[in-house]
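In: structure, please.
(chains A and B)
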Number of protein chains: 2
Amino acid sequence: MKTLTLRKPDDLHLHLRQGDVMGEYARESARSFARGLVMPNTLPPVCDPAGMLKYKKEIEKEAPGFEALMAFKLLPGMDPGIVAEMKKAGALIGKLYPAGATTNAEDGISSYRQIRDVLAAMEEEGMVLSIHGEHPEAPVLEREISYLKELKDIIRDFPKLKIVLEHLSCSESIAFLESCPGHVAGTVTTHHLLYTLDDLMGGALKPHLFCKPVVKREEDRKALVDAVCSGHPRLFYGSDSAPHPRASKEGGSCGAGAFTSPAALPLLAELFEKEGALDRLEDFVSRIGAEFYGLPLNSGTLTLKKENWTVPGEIGGAVPLAAGETLSWRVAES
Amino acid sequence: MKTLTLRKPDDLHLHLRQGDVMGEYARESARSFARGLVMPNTLPPVCDPAGMLKYKKEIEKEAPGFEALMAFKLLPGMDPGIVAEMKKAGALIGKLYPAGATTNAEDGISSYRQIRDVLAAMEEEGMVLSIHGEHPEAPVLEREISYLKELKDIIRDFPKLKIVLEHLSCSESIAFLESCPGHVAGTVTTHHLLYTLDDLMGGALKPHLFCKPVVKREEDRKALVDAVCSGHPRLFYGSDSAPHPRASKEGGSCGAGAFTSPAALPLLAELFEKEGALDRLEDFVSRIGAEFYGLPLNSGTLTLKKENWTVPGEIGGAVPLAAGETLSWRVAES
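Out: Residues are numbered from 1 along each chain as shown, chains lettered A, B, ... in the order given. Just a heads-up that it's a prediction; the model follows:
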């Protein structure tokens, strides 16, 4: 049987939620990933050392062997002194959510000018700024493009600040990244590599494919696939896996987020194989991101088997991406 | 109290479904409309005189005083002789669904060339061709624009055929209609006049606003509003009201269709009032369409009161447009 063994991957953009379900989501990530960079848009948000360390401890207790890389949420009015404290406590990134851009982002940032001194402190401390780059006031399909102006200004004003542009969704963003200095990188999700608006709403409407940024046109998907499968040195994997309780996705008003961790590696292997780029998969999921963050590469491995696998219909009360579909690769149990 | 009394409106594009729920939907339409042009995409489809007359009788029995104007579905391989029979039985239109374009359209038409002789018979008989103008193979947001080429060819090949372009959704279609001869007209729905992609998925995803054609950009909505509120002589109202059982709209895979009849007139009154065009509403809903079809104008009236009204949460198992919202106009009980 055909197998593919990779250095164990990292998921550099992950939502694990809180409470009873968190453990199941964390263990699900641990099946495929050695580490996950856990997003701080919890309620209340992760925004101080004690809260962050408590959350990290809870996650790692639930999923032994899985390392939770931690993030804190940038909030209006934040004291710039927090940056050194968060760094000392082990935070890898400060995350900027434009106000209203996505789940639990009502308390986000209207303009980076609101947190200029915090960003200056991050630049000084060498801490990475991670951005959900959408302008929430723009039409939904133009929000990412509309945010590029703000990104240019941030890059200009903080010329040494390391920046990650999260979950890139359109061809213009790939072109923009080319124009950025080498300390600016981007993450790409599974779903933006696989789906378009036609999958979301070309036939029936599929709430489980609904996320922010919204999946875009085929030419956008293709630009992402081409960049990633050609081994772009500043694009790495961040799933943005975002489990919602089934009732929050299947109703009259459906939250944004796709629960992608469970099927991520099988789906990515299918895609990279189809693109004739299976040999690039390891760089995308296991090397480029770790190197950008200055993390040691993982020493363990993950084996995928070329074997049919049907994605479970529900995990921890949430419906995973590709639920019920039979994929041609599976993660070997370790 | 402010009131608005109109000649009783017609809904010239309406889905009433079948079975137990049909009566409730028909009575709901009867509250606001004297007549409804009932779409034939039932299972099995309405495509012969006996089936059509049976459906008409069922509807009018359930909703006394409401006149069901009837349609038949154009199917590949149909005998052109059917046209004269359907006309004799009272059919107002033959409806062309491109294969796969919407609910129950799997048996639709791939190209008008498949039914050339049927269209010739319709032209000969003076029967109106009504078209769901979307090219199902095109990207979802470009399907209507992509169908314009086919429309041009139909208009060229059947120069006397009366045609209605249904549920126009984008500015390009309004411009296209301008270029068409006077026997080509269009319908506009409530939801395409009121909503955009930002309403559908700018915040949470709203399956009850999901329809085909999908609502588009603000510039498209504005083009429709401007055309209708300026009294365009070849644009008239067809709700495309399409009730689905709640479970078909609130799940992992949501059918296309917005159940718009219950709140249609209050919503339209709000819109026309805001646009300073309340005096144009009657033409749009009660005159232009009837004249295009050569129907007598309705003799009854409908009164709207400027009074708060909360749209019911569910009617006949389906969730109406604007469910739970409080509108500033209501239909006076007659």
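In: where along chain A do the strands fall?
Out: A:3-7, A:10-14, A:35-38, A:67-73, A:91-96, A:128-131, A:163-165, A:184-188, A:235-237, A:301-305, A:309-310, A:326-327, A:330-331 (DSSP state E).
In: which one of these lies closest to residue B:40?
Out: For residue B:40, the closest of these is strand A:326-327, at 37.2 Å, according to CB to CB. C-betas here are computed from N, CA, C, even on glycine.
In: partners of that closest one, with directions?
Out: Strand pairing for strand A:326-327, using DSSP bridges, gives strand A:309-310 (antiparallel).
In: list the contacts of residue A:208.
Out: Listed by CB atoms under 8 Å, 6 or more residues apart in numbering or on different chains, the contact set of residue A:208 reads A:249, A:258-259, A:319, A:321, A:323, B:252.
In: how about it, nearest residue that isn't a chain neighbour?
Out: Nearest non-adjacent residue to residue A:208, counting by CB to CB, 6 or more residues apart in numbering or on different chains: residue A:319, 5.3 Å away.
In: you'd agree that neighbour is up against residue B:251?
Out: No. The pair residue A:319 / residue B:251 is not scored as a contact, 10.2 Å apart, by CB atoms under 8 Å.
In: can you pick out the residue with more neighbours from the two?
Out: Using other CB atoms under 10 Å in any protein chain shown, the more surrounded residue of residue A:319 and residue B:251 is residue A:319, with 23 against 17.
In: tell me the confidence at the residue located most distally from the centre of chain A?
Out: Relative to the centre of chain A, and counting by CA atoms, centre = their mean, the farthest-placed residue is residue A:1 at 31.6 Å. Confidence at residue A:1, expressed as pLDDT, is 75.
In: quick one: contacts for it?
Out: Neighbours of residue A:1 in contact, by CB under 8 Å, 6+ apart: A:305-307.
In: and which of these is nearest chain B?
Out: Using CB to the nearest CB, residue A:307 comes nearest to chain B of the contacts of residue A:1, at 25.7 Å.
In: my read: the closest one touches residue A:330, true?
Out: Yes. Assessed by CB under 8 Å, residue A:307 is found in contact with residue A:330 at 5.2 Å.
In: between these two, which one's more packed in?
Out: Applying other CB under 10 Å to residue A:307 and residue A:330 shows that residue A:330 carries more neighbours, namely 19 against 14.
In: find the nearest non-adjacent residue to that one, please.
Out: Leaving aside its sequence neighbours, residue A:330 sits nearest to residue A:309 (CB to CB, 6+ apart; 3.4 Å).
In: which residues does the one you found bridge with?
Out: For residue A:309, the beta-bridge partners under DSSP bridges are residue A:327.
In: still on that earlier bit, residues shared between the contacts of residue A:319 and residue B:251?
Out: With contacts defined as CB under 8 Å, 6+ apart, the residues shared by residue A:319 and residue B:251 are residue A:250.
In: coming back round to it: rebuild the contacts of residue A:208 as CSV, extending it with pLDDT and distance to residue B:79.
Out: Below are these laid out as CSV (pLDDT from 0 to 100; distance: CB to CB, whole Å):
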residue, pLDDT, distance to residue B:79
A:249, 98, 47
A:258, 98, 48
A:259, 98, 51
A:319, 98, 47
A:321, 97, 47
A:323, 98, 45
B:252, 97, 41
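In: tell me the contacts of the residue nearest to residue A:303 when sequence neighbours are not counted?
Out: What sits nearest to residue A:303 in space, not counting adjacent residues and going by CB to CB, 6+ apart, is residue A:332, at 4.2 Å. Shown in contact with residue A:332 (CB under 8 Å, 6+ apart): A:3, A:302-305.
In: try it again with 7 Å
Out: By CB atoms under 7 Å, 6 or more residues apart in numbering or on different chains, the contact list for residue A:332 reads A:303-305.
In: show me how to select, in PyMOL, the buried members of those.
Out: For the buried members of the contacts of residue A:332, the matching PyMOL selection, counting by 16 or more other CB atoms under 10 Å in any protein chain shown, is:
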select buried, chain A and resi 304+305
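In: wait, which of the contacts of residue A:332 is closest to residue B:93?
Out: Closest approach to residue B:93 among the contacts of residue A:332 (CB to CB): residue A:304, at 55.3 Å.
In: for chain B, what's its nearest residue on the stretch 51-200 of chain A.
Out: Per CB to the nearest CB, residue A:140 is where the stretch 51-200 of chain A lies closest to chain B, at 4.3 Å.
In: pLDDT wise, what is the residue nearest to residue A:330 at?
Out: You'll see residue A:309 listed with a pLDDT of 98.
In: my read is that it contacts residue A:331, right?
Out: No. Look at residue A:309 against residue A:331 with CB atoms under 7 Å: they stay out of range, at 8.0 Å.
In: which residues do these two both contact?
Out: Both residue A:309 and residue A:331 are in contact with residue A:266, where contact means CB under 7 Å, 6+ apart.
In: ok, residue A:217 - contacts?
Out: Listed by CB under 7 Å, 6+ apart, the contact set of residue A:217 reads A:196-197, B:139.
In: before we move on, what about residue A:39?
Out: For residue A:39, the contacting residues are A:13-15, A:71, A:95, by CB under 7 Å, 6+ apart.
In: can you rerun that using 10 Å?
Out: A:13-17, A:45-46, A:70-71, A:73, A:93, A:95, A:97, A:102-104, A:130, A:132, A:166, A:238, A:240-242 (CB atoms under 10 Å, 6 or more residues apart in numbering or on different chains).
In: picking that back up, out of the strands of chain A, the one nearest residue B:118 is which?
Out: Closest among those, using CB to CB: strand A:326-327, at 41.9 Å.
In: can you give the contact residues for that closest one?
Out: Contacts for strand A:326-327 (CB under 10 Å, 6+ apart): A:263, A:265-267, A:269-270, A:307-311.
In: try it again with 7 Å
Out: Counting by CB under 7 Å, 6+ apart, residues outside strand A:326-327 touching it are A:263, A:266-267, A:270, A:308-311.
In: need the residues of the stretch 151-300 of chain A near chain B, please.
Out: A:197-198, A:201-202, A:204-208, A:210, A:214, A:217-218, A:250-255 (CB under 7 Å from any CB of the partner chain).
In: where does pLDDT dip in the stretch 101-250 of chain A?
Out: Along the stretch 101-250 of chain A, no part satisfies pLDDT under 70.
In: for it, which segments count as helices?
Out: A:116-125, A:143-157, A:171-178, A:190-194, A:197-201, A:218-229, A:246-249 (DSSP state H, counting those that start in this stretch).
In: okay, these, which one's buried deepest?
Out: Most buried of the helices of the stretch 101-250 of chain A, by mean neighbour count (mean count of other CB atoms under 10 Å in any protein chain shown): helix A:190-194, with a mean of 24.
In: which helices and strands does that helix pack with?
Out: Counting contacts by 3 or more CB pairs under 7 Å, 6 or more residues apart in numbering or on different chains; DSSP states H and E, helix A:190-194 packs against helix A:218-229, helix A:264-274.
In: tabulate the contacts of residue A:208 (CSV), appending distance to residue B:118.
Out: Output for these, formatted as CSV (distance: CB to CB, whole Å):
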residue, distance to residue B:118
A:249, 44
A:258, 44
A:259, 48
A:319, 44
A:321, 44
A:323, 43
B:252, 38
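In: which of these are buried, as a PyMOL select command?
Out: To isolate the buried members of the contacts of residue A:208 in PyMOL, using 16+ other CB under 10 Å:
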select buried, (chain A and resi 249+258+259+319+321+323) or (chain B and resi 252)
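In: among the contacts of residue A:208, which are in helices?
Out: Among these, the members found in helices (DSSP state H) are residue A:249.
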